[in-house]
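Chemist: got a predicted structure plus its sequence, pasted below:
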Amino acid sequence: ANNLTVKMGSNSCVVIEGGLKVYNRLNITLKNFNRCIIGKEVHLHAVDIYNWTEPFIDVKIGKNCLFSSEISIRTSDGHTIFEIDSKKVVNQPDFGISIGDHVWIGSKVDILKDSKIGNNCVIGTRALLCGGEFPANCVIAGIPAKIIKKGINWDTDNTYDFNLKHL
């Protein structure tokens, strides 16, 4: 790893299952009782994982993922929004962030609390995922992010080389 920084509170853990390649930087910040689990063969360029404001929240990244640069993963809004009369919190995170296996994330993507991304997805450049569940095999893009194509998968080959192999 070129630049790996981990800041951890008590009873937190980072699990890297092997084959992690950091081309520029990976910053992981965890509060007490948080976990960050990164699957095998994840390649990333510049990623910041912020899991520092709420305890008992996880970030899970599957295997064989490809992350571009300037990606921000945030498990909390950082501050509380509440109803005036009841003091009921309206922005409490539930579980954190879950990214499936073989997910390709474009540059300048923000993934916010309670986002769940299925296997074999592609997330377009500058997308803003504001929570919610995205099924496997889809292209996700936009602000806020939505599914723009279903029934896809992706390959690391460029289109020319891919067509040579598969036509």
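Modeler: Good, I have the coordinates.
Chemist: tell me the residue furthest from the middle of this protein?
Modeler: Of all residues in the chain, Asp85 has its C-alpha farthest from the mean position, at 35.0 Å, by CA atoms, centre = their mean.
Chemist: just the helices in the chain please.
Modeler: 159-166 (DSSP state H).
Chemist: in it, where is pLDDT below threshold?
Modeler: 1-2 (pLDDT under 70).
Chemist: separation between Lys165 and Ile117?
Modeler: 27 Å (CB to CB, to the nearest Å). Using the backbone N, CA and C atoms, a C-beta is placed for each residue, glycine as well.
Chemist: neighbour-wise, which of those two wins?
Modeler: Legend: neighbour count by other CB atoms under 10 Å for Lys165 and Ile117, higher for Ile117 (26 against 8).
Chemist: show me what contacts the more buried one?
Modeler: If you count contacts by CB atoms under 8 Å, 6 or more residues apart in numbering, Ile117 has them with 98-100, 103, 111, 123, 129, 134, 140.
Chemist: same thing with Pro135?
Modeler: Residues in contact with Pro135, defined by CB under 8 Å, 6+ apart, are 118, 147, 150.
Chemist: name the member of the residues you listed that has the highest neighbour count.
Modeler: Ranking the contacts of Pro135 using other CB under 10 Å puts Gly118 first, with 19 neighbours.
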